[in-house]
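Engineer: predicted model and sequence follow; I will ask about them next.
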Amino acid sequence: MGKKILLVDDSASVRTVAGIALRGAGYDVVEAADGKEGLGKLNGDKIHLIISDVNMPVMDGITFVTELKKNPSYKFTPVIMLTTEAGDDMKAKGKAAGAKAWIVKPFQPAVMLDAVSKLVMA
């Protein structure tokens, strides 16, 4: 069984592209369409890494990461923000919430996989 990654993005096409790349690299992928759904997928199972968008309906990515880090089971789970947001202000908010990496869309799957492999092994 591969390492498990939670992929949270309101764009079905982004989830599809990222999911294909991740599964192709041997990861198990759990998908959610927004932060609230993402939190709902956390049932105590080991999640090795989380990839989240920032701008989503219901619960945005920064709020999602902030809430995630309150859960002792996932406090140290690495998070990559995969987003169209490229501003330093938003990056600072992401880092303050607990994000370990920031990838700007449109993204190259190889770049994402490189970041994933570094954080999953950490």
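Structural biologist: Good, I have the coordinates. On a predicted model such as this, the values are computed, not experimentally measured, just so you know.
Engineer: when you work out contacts or count neighbours from here on, use the C-alpha atoms and nothing else.
Structural biologist: Noted.
Engineer: mean confidence score for the helix or strand where residue 22 lies?
Structural biologist: Under the criterion of DSSP states H and E, residue 22 resides in helix 12-24. For helix 12-24, the mean pLDDT works out to 96.
Engineer: does anything pack onto it? Which helices or strands?
Structural biologist: Applying 3 or more CA pairs under 8 Å, 6 or more residues apart in numbering; DSSP states H and E, one finds that helix 12-24 contacts strand 4-8, strand 28-32, helix 109-121.
Engineer: buried residues in the longest one?
Structural biologist: Okay, so that is helix 109-121. Buried positions in helix 109-121, judged by neighbour count with 16 or more other CA atoms under 10 Å: 112, 115, 116, 119, 120.
Engineer: give the contact list for the fourth one.
Structural biologist: It refers to residue 119. By CA atoms under 8 Å, 6 or more residues apart in numbering, residue 119 lies in contact with 49, 78.
Engineer: distance of it relative to residue 54?
Structural biologist: 19 Å (CA to CA, to the nearest Å).
Engineer: swap in the third one?
Structural biologist: For residue 116, the distance to residue 54 under the criterion CA to CA works out to 17 Å.
Engineer: span of stretch 40-56 from start to end?
Structural biologist: Using CA to CA, the end-to-end distance of stretch 40-56 comes out at 15 Å.
Engineer: just the buried positions in the helix holding residue 22, please.
Structural biologist: Buried, per 16+ other CA under 10 Å, within helix 12-24: 14, 15, 18, 19, 21, 22.
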